[in-house]
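Engineer: sharing a model that was predicted from the sequence below.
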Amino acid sequence: MAKKLSNKILKELHLRMVRIRRFEEEAGKMMENGKIPGALHLYVGQEAIASGVMQHLSELDQITSTHRGHGHLIAKGGEFSRMFAELYGKATGYCRGKGGSMHISNMDLGMLGANGIVGGGPPIAMGAAFSNKFRKTKQVAVAFFGDGASNEGSFHEAANMAALFKLPCVFVCENNGYGEYTPQANHQAVVDVADRAAGYGMPGVVVDGMDVIAVYEAAEEAIKRARAGDGPTLLECKTYRFYDHVGVRGMGLTYRTDEELEEWKKRDAIKGFEERLLQIGTLTQKAIDAVYANTNAEIEEAIQFAEDSPFPHPDELLEDVYSVRSEV
Amino acid sequence: MSEAKEQKPRKLPYVAAITEGVRQVLIEQENAFVAGEDVGQAGSVFGYYQGLFDEFGKDRIIDTPISEKGIIGLGVGASATGCRPILDLMFMDFIGECMDEIANQMAKMRFMFGGAATLPVTVLTMAGAGINLAAQHSQSLEAWLAHLPGVKVVMPSNAYDAKGLIIAAARDDNPVFVVLNKMSLALQAEVPEEMYEVPIGKAEIVREGKDMTILAIGRMVHEALAAVEPLKELGVDAEVIDVRSIQPFDTDTAIESLRKTHRGLIVHEAVRFGGFGGEIAAQLQELAFDYLDAPIARVGAPFSPVPFSPALEKVYLPNAEAIVAEVRKTLGI
Ligand SMILES: Cc1ncc(C[n+]2csc(CCOP(=O)(O)OP(=O)(O)O)c2C)c(N)n1
Ligand SMILES: [Mg+2]
């Protein structure tokens, strides 16, 4: 499978995943030691999904994200420095410190926001897809959302409308088996969220979300279909989060077993992929080490940038509530 | 958890007072149950249902999907047909997800049916800013609810009231929203072990004074109390009233106080513009105009979503300083 992909693509997929993993690991440490205020929902374990999907999107395409949104922004081209600055609540952050982790976003990169409202993303992606069709561009909008979010009415209304209007939209469900502390079996009667696609007249596809190539290939088809004007797809990626719902260790609730976590960790998307890349000779160990070293250096610099940046001025509180009509 | 030593005052944090109130209701009312997201084994993300799942089991402590419209709908349908649901709406900000079920169904069903339906349903939800949870996890939206004929809205500022208002809400035969505050979870107060009610629709004078009535809502009661000393230094002896219930609102207690103090200030954490303070101010100028020596003052959050940055959230949140500043402005001192 992996053979038919170019080395360039394979390396990019790897780089995206490593960038997300290392960013999240550092952010997690900093939340737990009180350096970063508020709540961080970290993406560790799910990197293959954002990376595999985003490989097909340009900056012009749009995505909507979730409360677990750093990975999506990184994969879409987000800069570490402005991201860390946002997590710190600094004026140099992507949202000038107003949004923080749960609302991190960048319109220039087509990242229409992490979201504090579960299920907040799909209707917005549907609207962006509508806009793309209305304006006759070839842009595609992708909604990322969780298994838990697939129980919100917002997802169902967005799916129905996207299919009805044949919008250039892709619904990517990251099924990590839990909504907060509730296992999937206790929050929905279906096993495959993708089954729900049938109810809206769109294809539903299940892929292994720990296999970045599988995600890449399934996303390719869905995005091609959307771009060609053939309507939306529901792509369900089976995955797992390695950290707790919030932060690294979270509230210390026991709602899943260590064995289950260890089983999934054996399928770590990055480790498995690196083994494959070494095997087929795309990357040497030295090259892999260099990817980490470069990423780490960038993180270090970004954290320094965040630390050195000023907090927003109190007057900024009342800015950005409304846009001001520009001079005619 | 009871030491069962009669009469010995016992202190409980707000969070445990909530648990105890809900627990006693579940024992008292066999048709009562709790439904909401992660209320079961997890015991709520705020921890206030800890232990209830083990005690009452999954048939009465019900984990729901992340489906707020479904949760409120479940409560409307179940309360209209013989149950006494206690619903959990986790963060108050999620009310947008289910506002139709609240505003068009829960609030109006009895009236639309000519009084034939009775909806004894209680909703617990968590409001308030202060811990950097940003614009969608920090709001105080009680005015949205108070505007709806058919629902009651209470806002306990302390552990004693939290337990007593939950019990009163659960025994009430109407939809009652108990709007909790996340910054107050660890606040301790004396809480009797037995079941008791704090009457819905009754304010409480928490500090007597003669120069100025401060009507405070929810957590702002503590900020108002913190303003008492600095105000005294300015020569203002403040009376602090914990509003406790905004729907119904205890107009009488407020007016009685104004007869004595002749000056009033309202403080809430919600955005000042269109906040519940506007309703109180209007009532007071209508009904207590003759007693007033100064315009009714209001303190509330600025007209902005709740910001994430600690630097901005600090400026955003109304506090004792803001209360003192407003008093000075109103009295020209
Ligand atoms: C409307 C709404 N309801 C509830 C919540 C609280 N909440 C935050 S994350 C979460 C779980 C989401 O589960 P899922 O969609 O599977 O995403 P995951 O956390 O697993 O990535 C819940 C219930 C919320 N933020 N918004
Ligand atoms: Mg999930």
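Structural biologist: Structure's in. What do you need? Ligands and ions are numbered 1, 2, ... in the order given.
Engineer: pull the contacting residues for A:Tyr88.
Structural biologist: Contact partners of A:Tyr88, counting by C-beta atoms under 8 Å, 6 or more residues apart in numbering or on different chains, are A:35-37, A:97, A:306-307, A:309. C-betas here are computed from N, CA, C, even on glycine.
Engineer: distance of it from ligand 2?
Structural biologist: Remark: distance between A:Tyr88 and ligand 2 (C-beta to the ion, to the nearest Å) = 27 Å.
Engineer: quick one, phi/psi of that residue?
Structural biologist: phi -80, psi -10 (degrees, to the nearest 10).
Engineer: what's the pLDDT at it?
Structural biologist: Confidence at A:Tyr88, expressed as pLDDT, is 98.
Engineer: return the members of the contacts of A:Tyr88 classed as buried.
Structural biologist: Buried positions within these, assessed by neighbour count (16 or more other C-beta atoms under 10 Å in any protein chain shown), are A:35-37, A:97, A:306, A:309.
Engineer: residues touching the residue of chain B found nearest ligand 2, list them.
Structural biologist: Going by C-beta to the ion, ligand 2 is nearest to B:Ile66 of chain B, at 9.3 Å. Contact analysis of B:Ile66 by C-beta under 8 Å, 6+ apart lists A:118-119, A:148-149, A:151-152, A:179, A:187, B:37.
Engineer: top of these by neighbour count?
Structural biologist: Ranked by the number of neighbours (other C-beta atoms under 10 Å in any protein chain shown), these place B:Glu37 first, at 28 neighbours.
Engineer: residues contacting that residue?
Structural biologist: Taking C-beta under 8 Å, 6+ apart as the test, what B:Glu37 contacts is A:179-180, A:182, B:63-66, B:71, B:88, B:90.
Engineer: so which bits of the stretch 51-200 of chain B are right by ligand 1?
Structural biologist: By C-beta under 6 Å from any ligand atom, the part of the stretch 51-200 of chain B that sits against ligand 1 consists of B:66, B:68, B:90, B:94, B:97.
Engineer: try 8 Å this time
Structural biologist: Within the stretch 51-200 of chain B, the positions lying close to ligand 1 (C-beta under 8 Å from any ligand atom) are B:66, B:68, B:90-91, B:93-94, B:97, B:136-137.
Engineer: the nearest residue to B:Ser140 once chain neighbours are set aside sits in which helix or strand?
Structural biologist: Closest residue to B:Ser140 apart from its sequence neighbours, by C-beta to C-beta, 6 or more residues apart in numbering or on different chains: B:Ala270 at 3.9 Å. Using DSSP states H and E, B:Ala270 maps to strand B:264-271.
Engineer: for that strand, name the packing helices and strands.
Structural biologist: For strand B:264-271, the packing partners by 3 or more C-beta pairs under 8 Å, 6 or more residues apart in numbering or on different chains; DSSP states H and E come out as helix B:142-146, strand B:212-216, helix B:220-233, helix B:251-261, helix B:276-287, strand B:297-301, helix B:320-331.
Engineer: now mean neighbour count and mean pLDDT too, for these, in JSON lines please.
Structural biologist: Formatted as JSON lines, the helices and strands packed on strand B:264-271 follow (neighbours: other C-beta atoms under 10 Å in any protein chain shown; pLDDT from 0 to 100):
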{"stretch": "helix B:142-146", "mean neighbour count": "22", "mean pLDDT": "98"}
{"stretch": "strand B:212-216", "mean neighbour count": "30", "mean pLDDT": "98"}
{"stretch": "helix B:220-233", "mean neighbour count": "21", "mean pLDDT": "98"}
{"stretch": "helix B:251-261", "mean neighbour count": "18", "mean pLDDT": "98"}
{"stretch": "helix B:276-287", "mean neighbour count": "18", "mean pLDDT": "98"}
{"stretch": "strand B:297-301", "mean neighbour count": "24", "mean pLDDT": "98"}
{"stretch": "helix B:320-331", "mean neighbour count": "18", "mean pLDDT": "96"}
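Engineer: could you dump the ones you listed into TSV with distance to ligand 2 added?
Structural biologist: Formatted as TSV, those follow (distance: least, C-beta to the ion, whole Å):
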stretch	distance to ligand 2
helix B:142-146	29
strand B:212-216	40
helix B:220-233	36
helix B:251-261	47
helix B:276-287	36
strand B:297-301	33
helix B:320-331	40
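Engineer: quick one, which of those gets closest to chain A.
Structural biologist: Comparing the helices and strands packed on strand B:264-271 against chain A with C-beta to the nearest C-beta, the closest turns out to be strand B:297-301 (9.8 Å).
Engineer: mind listing what's buried in the helix or strand that comes right after the closest one?
Structural biologist: For strand B:297-301, the following helix or strand on the C-terminal side (DSSP H and E) is helix B:310-316. Within helix B:310-316, the residues that count as buried by 16+ other C-beta under 10 Å are B:310-313, B:315-316.
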